[in-house]
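> got a sequence here, can you model it:
(one chain, ligands or ions: 3)
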Amino acid sequence: MRIIAIMKSIEQRMAAAWRNKYIIRRALSTQILMSPQSLVSLDFPENWTPTPDSLRPPTLNCSGAQDAVTIDGKLIAEDIRSTVATEVKRMKEAIGKVPGLAVILVGQRRDSQTYVRNKIKACEEVGIKSLFHELPEDCPQDAVVSAVSSFSEDPSIHGILVQLPLPQHLDEVKILNALRLEKDVDGFHPMNMGNLAMRGREPLFIPCAPKGCIELLIRSGVEIMGKNAVVIGRSNVVGLPIALLLQRHHATVSVVHVLTDNPEEITSEADIVVAAAGVPNLVRSNWLKPGAVVIDVGTCPVEDPSSEYGYRLVGDVCYEEAVKVASAITPVPGGVGPMTIAMLLTNTLDSAKRAYQFV
Ligand SMILES: NC(=O)C1=CN([C@@H]2O[C@H](COP(=O)(O)OP(=O)(O)OC[C@H]3O[C@@H](n4cnc5c(N)ncnc54)[C@H](OP(=O)(O)O)[C@@H]3O)[C@@H](O)[C@H]2O)C=CC1
Ligand SMILES: Nc1nc(=O)c2c([nH]1)NC[C@@H]1CN(c3ccc(C(=O)N[C@@H](CCC(=O)O)C(=O)O)cc3)C=[N+]21
Ligand SMILES: [Mg+2]
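Residues are numbered from 1 along each chain as shown. Ligands and ions are numbered 1, 2, ... in the order given. Now for the predicted structure:
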């Protein structure tokens, strides 16, 4: 009996030692897992100046007595954009080429028009060439497919983005199939998603908003490894890839959706909450564990005659309540949105570097 007990205890200790070694090895290989070109960087860039807020690392399990730190996505995105600008300049000087992005917008959605405008403006600022192709709401399927196909053939274009959602009558799958894998800067191609999901494989591109969320967490000093993360939403473009990315960073991930029983109960167990449901103010204070880190991806346009374009953006998280409970939170606007655009720029730059074999 005694010998068995001793054997058991040695076995347990060995298992624990192995587990710790495994975790450390994993941490060290995170950079490889993510690959340098698929993430901007896991370290702070040299020219990054921390804000007073970001100097105060969000502490998990705090009492909630203090208001949450605001994670400034706009500031972090600006920093990434300036790094991209430097790289584009270096590329232009060395080989006389610049990255090119094609943006296809079908229809008249006001919010889509704003996002597309922001994307094109961001390209201009960093020296990426952008081509904007606008099509009417009622345009035939063939017209969209042929626009995608012609950009797929154009060697000066390294990224193609078809702004979603498309009008009802269009077949999203067929249209995105016309998009060359090497130019899928949105990361929506099944081959990119499959490689993101599988261990030991690397996608060519990681979807922009999910990649932006992870960058925000890393650059704010939030540890992901070993933490409970809850993703609200499971769409192909946001919820699913975020859940996959969090797993790559060794979080324990739950995904909550419309058919989930007691979503608030599950979410209130989370150290990290990523809300991507598209439901304004869905996440209330009772959904959150004190000290949780909250990333709000939701951008829901609501009528507001007093604002510039007749609407304003509302997040999935009730900010006023969450700020009292969480340890860190992203605002809407000024959180994930600007990061999504910054990641689009880095994906386009990476794609051009790959095309010209420029390091
Ligand atoms: N900031 C940014 O850069 C970006 C913001 N967005 C925003 O993110 C939000 C989500 O986008 P997207 O994924 O495309 O939206 P979808 O409508 O495609 O997906 C929404 C997901 O949320 C789930 N969901 C909806 N309502 C609830 C609820 N009450 N409780 C729990 N889960 C719910 C749905 O569940 P089910 O699957 O069961 O239907 C679905 O999986 C939108 O507001 C969008 O505008 C998107 C991209 C980038
Ligand atoms: N193929 C495709 N790729 C996308 O990446 C994609 C898409 N379709 N369809 C819609 C969603 C939404 N999305 C946003 C991008 C920028 C902001 C953004 O810049 N937001 C700013 C404010 C915007 C404003 O000026 O109103 C902010 O949150 O601070 C928001 C949301 C990308 N999406
Ligand atoms: Mg949708």
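
> which of the three states applies to the residue most central in space within the chain?
Here the mean C-alpha position of the chain is nearest to the C-alpha of residue 210 (CA atoms, centre = their mean), at a distance of 2.1 Å. Recorded secondary structure, residue 210: helix (DSSP: H, G, I helix; E, B strand; the rest coil).

> run a quick check on it versus residue 245, I expect a contact.
Yes: using CB atoms under 8 Å, residue 210 is in contact with residue 245, at 5.3 Å. (C-beta placed from N, C-alpha, C; glycine too.)

> count the neighbours of residue 344 for me.
Number of residues near residue 344 (other CB atoms under 10 Å) recorded here: 29.

> report whether stretch 312-323 contacts ligand 1.
No: using CB under 6 Å from any ligand atom, stretch 312-323 stays clear of ligand 1, with a minimum separation of 6.7 Å.

> nope, stretch 272-292 is what I was after
Yes: using CB under 6 Å from any ligand atom, stretch 272-292 reaches ligand 1 at 276, 277, 278, 279, 282.

> from ligand 1, how far off is the residue nearest to the centre of the chain?
According to CB to the nearest ligand atom, to the nearest Å, residue 210 and ligand 1 sit 9 Å apart.

> could you do residue 343 as well?
Counting by CB to the nearest ligand atom, the gap from residue 343 to ligand 1 is 9 Å.

> try residue 243
From residue 243 to ligand 1 the distance is 11 Å (CB to the nearest ligand atom).

> hmm, residue 318 and residue 284 touching each other?
Yes: contact criterion CB under 8 Å: residue 284 and residue 318 qualify, at 5.2 Å.

> more neighbours, those two?
residue 318 (18 against 14).

> hang on, isn't the more buried one packed against residue 288?
No: contact between residue 318 and residue 288 fails when scored by CB under 8 Å: they sit 9.8 Å apart.

> in the chain, which spans are helices?
Remark: helices assigned in the chain by DSSP state H are 2-34, 52-55, 73-95, 110-126, 141-153, 172-177, 190-197, 208-219, 239-248, 263-267, 319-325, 336-356.

> out of the ones you listed, nearest to ligand 2?
Each of those has some distance to ligand 2 by CB to the nearest ligand atom; the shortest is helix 336-356, at 2.3 Å.

> what about that closest one and ligand 2, touching?
Yes: Helix 336-356 reaches ligand 2 (CB under 6 Å from any ligand atom) through 337, 338, 340, 341.

> tell me how many other residues crowd the residue lying closest to the first one once chain neighbours are set aside.
What that stands for is residue 337. Of all residues not flanking residue 337 in the chain, residue 299 sits nearest, at 6.0 Å (CB to CB, 6 or more residues apart in numbering). Residue 299 has 22 neighbours, counted by other CB under 10 Å.

> how close does residue 299 sit to residue 311?
11 Å (CB to CB, to the nearest Å).

> quick check: neighbours shared by the two?
residue 111 (CB atoms under 8 Å, 6 or more residues apart in numbering).

> care to break this protein down by domain?
Using the TED database, the domain ranges for the chain come out as 97-195, 206-338.

> on that earlier part again, hmm, residue 118 and the residue nearest to residue 337 touching each other?
No: using CB under 8 Å, residue 299 is not in contact with residue 118; the gap is 11.5 Å.

> are any of the residues of stretch 272-292 next to ligand 1 buried, and if so which?
The neighbour-count criterion (16 or more other CB atoms under 10 Å) marks 276, 277, 278, 279, 282 among the residues of stretch 272-292 next to ligand 1 as buried.

> which of the residues you listed lies closest to residue 166?
Within these, the smallest distance to residue 166 is 16.3 Å, found for residue 278 (CB to CB).

> quick one: contacts for that closest one?
Residue 278 touches 233, 298, 299, 300, 316, counting by CB under 8 Å, 6+ apart.

> can you list these in TSV and add pLDDT?
Formatted as TSV, those follow (pLDDT from 0 to 100):
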residue	pLDDT
233	98
298	98
299	96
300	95
316	98
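
> so which of the residues you listed belong to strands?
Using DSSP state E, the members of the contacts of residue 278 that fall in strands are residue 300.

> from the contacts of residue 278, pick the one nearest residue 77.
residue 299 (14.5 Å).

> show me where pLDDT drops low in the chain?
1-65 (pLDDT under 70).

> which residues of it lie near ligand 1?
Near ligand 1, when you scan the chain using CB under 6 Å from any ligand atom, you find 209, 232-235, 237-239, 256-259, 263, 276-279, 282, 297-300, 336-337, 340.

> those residues, buried ones only, as a PyMOL selection?
Applying 16+ other CB under 10 Å to the residues of the chain next to ligand 1, the buried members can be selected in PyMOL as follows:
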select buried, resi 209+232+233+234+237+238+239+256+263+276+277+278+279+282+297+298+299+300+336+337+340
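
> if we can go back for a sec, ok, the residue nearest to residue 337 to residue 73 distance?
12 Å.

> what is in contact with these two at once?
Joint contacts of residue 299 and residue 73 (CB under 8 Å, 6+ apart) are 336, 337.

> ok so, going back, can I get the helices of the chain in TSV including distance to residue 160?
Below are those laid out as TSV (distance: least, CB to CB, whole Å):
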stretch	distance to residue 160
helix 2-34	23
helix 52-55	34
helix 73-95	18
helix 110-126	12
helix 141-153	5
helix 172-177	10
helix 190-197	13
helix 208-219	13
helix 239-248	18
helix 263-267	35
helix 319-325	34
helix 336-356	10
